[in-house]
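Asker: Please work out how this folds:
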Amino acid sequence: MKKKDIILGITGSIAAYRACELITSLGEKGHNVICIMTAEAEEFITPLTLETLSGNRVYRDMFSLLRRRGSDLQTRRGTGYSDPGREVAHVSLARRAALIVICPATANIIAKMASGICDDLLSATVVSSKAPVLIAPAMNDRMYENGFTQKNIRELKKAGYKFIDPVRGRLACGYVGMGHLADTNLIMNGIEKILK
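Answerer: Just a heads-up that it's a prediction; the model follows:
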């Protein structure tokens with residue numbers, strides 16, 4: 001399999017630590033993992049951990065600029081950019097992505113994507129990209145089974161987004177229910193299926 005640039009979006013779920021397993025597994029396959037964290041994700045895991053595992057800068061700021069590299073470097077006259085060698089993060093990341101994986105995906109990010117809201121770097125990157133998107137939800141069972149969440153998931157599936165459904169398991173609240181993040185191997189299988 002040809003090695004790819006994969007954007008990994010991490011959102012504010014207790015399962016955010018599982019992104020570390022996914023970064024390691026993707027790295028073992030030779031893929032280049034670029035992480036985008038939401039502000040809520042930082043309550044559960046640090047950017048330093050993700051940077052150490054991925055070997056790449058972690059992106060968090062909606063308004064950060066990236067220096068474009070190699071063949072992407074070209075003058076952009078009349079576009080409002082003062083530096084022709086820089087562009088906004090969500091545009092650059094969206095162009096690089098062979099695949100966007102959101103793991104763990106909260107009810108909040110699922111609702112944003114289903115509504116076309118892009119008020120943070122992750123949601124703006126998804127809206128800006130033509131890459132396939134794989135979503136691995138993780139949340140409380142009541143949130144997962146809520147009618148609005150299920151409607152949002154159906155809408156995203158109709159739009160072509162792929163899902164690795166959560167499983168029944170122990171949740172952060174202490175109860176057992178549907179909403180536990182799927183096993184890393186299942187998520188990896190879903191990624192490899194899309195990339196082939």
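
Asker: CA atoms for contacts and neighbours, from now on please.
Answerer: Noted.

Asker: contacts for the helix or strand residue 101 falls within?
Answerer: Using DSSP states H and E, residue 101 maps to strand 99-105. With contacts defined as Cα atoms under 8 Å, 6 or more residues apart in numbering, strand 99-105 is touched by 5-13, 15-16, 18-19, 126, 131-139, 181, 195.

Asker: Which members of those occur in helices, if any?
Answerer: Those of the contacts of strand 99-105 mapping onto helices are 19, 126, 195, per DSSP state H.

Asker: Now which of these would you call buried?
Answerer: Listed as buried from these are 19, 126; burial here means 16 or more other Cα atoms under 10 Å.

Asker: which residues sit in contact with residue 155?
Answerer: Contacts of residue 155 by Cα under 8 Å, 6+ apart are residue 114.

Asker: Now do the SS call for it.
Answerer: In three-state terms, and counting by DSSP: H, G, I helix; E, B strand; the rest coil, residue 155 is helix.

Asker: if I look at it, how far off is residue 13?
Answerer: Residue 155 is 22 Å from residue 13, where distance means Cα to Cα, to the nearest Å.

Asker: now residue 29
Answerer: For residue 29 relative to residue 13 (Cα to Cα), the value is 26 Å.

Asker: With residue 150 instead?
Answerer: Residue 150 is 18 Å from residue 13, by Cα to Cα.

Asker: For residue 125, which non-adjacent residue is closest in space?
Answerer: residue 90 (4.5 Å; Cα to Cα, 6 or more residues apart in numbering).

Asker: avg pLDDT for stretch 117-127?
Answerer: Mean pLDDT, computed over stretch 117-127, is 94.

Asker: from the chain's centre, how far out does it sit?
Answerer: Relative to the centre of its chain, stretch 117-127 is centred 10 Å away, using Cα atoms, centre = their mean, to the nearest Å.

Asker: Repeat that for stretch 135-153.
Answerer: With Cα atoms, centre = their mean, you get 17 Å for stretch 135-153.

Asker: how about it: buried residues?
Answerer: Quick answer for stretch 135-153 (16+ other Cα under 10 Å): 135-141, 143-144, 149-150, 152-153.

Asker: what bits of the chain have low per-residue confidence?
Answerer: For the chain, the stretches with pLDDT under 70 are 1-2, 65-86, 169, 171, 173, 176-177.

Asker: one more time with 50, if that's ok
Answerer: 70-82 (pLDDT under 50).

Asker: Can you get me a residue count around residue 105?
Answerer: Neighbour count for residue 105, taken as other Cα atoms under 10 Å: 23.

Asker: That one - nearest residue in space that isn't next to it in sequence?
Answerer: Excluding the flanking residues, the one nearest residue 105 by Cα to Cα, 6+ apart is residue 137, at 4.3 Å.

Asker: Check residue 17 too.
Answerer: residue 45 (6.2 Å).

Asker: mind listing the strands in this protein by residue range?
Answerer: Assigned by DSSP state E, the strands in the chain fall at 5-10, 32-37, 65-67, 86-88, 99-105, 133-137, 162-163, 167-170, 176-180.
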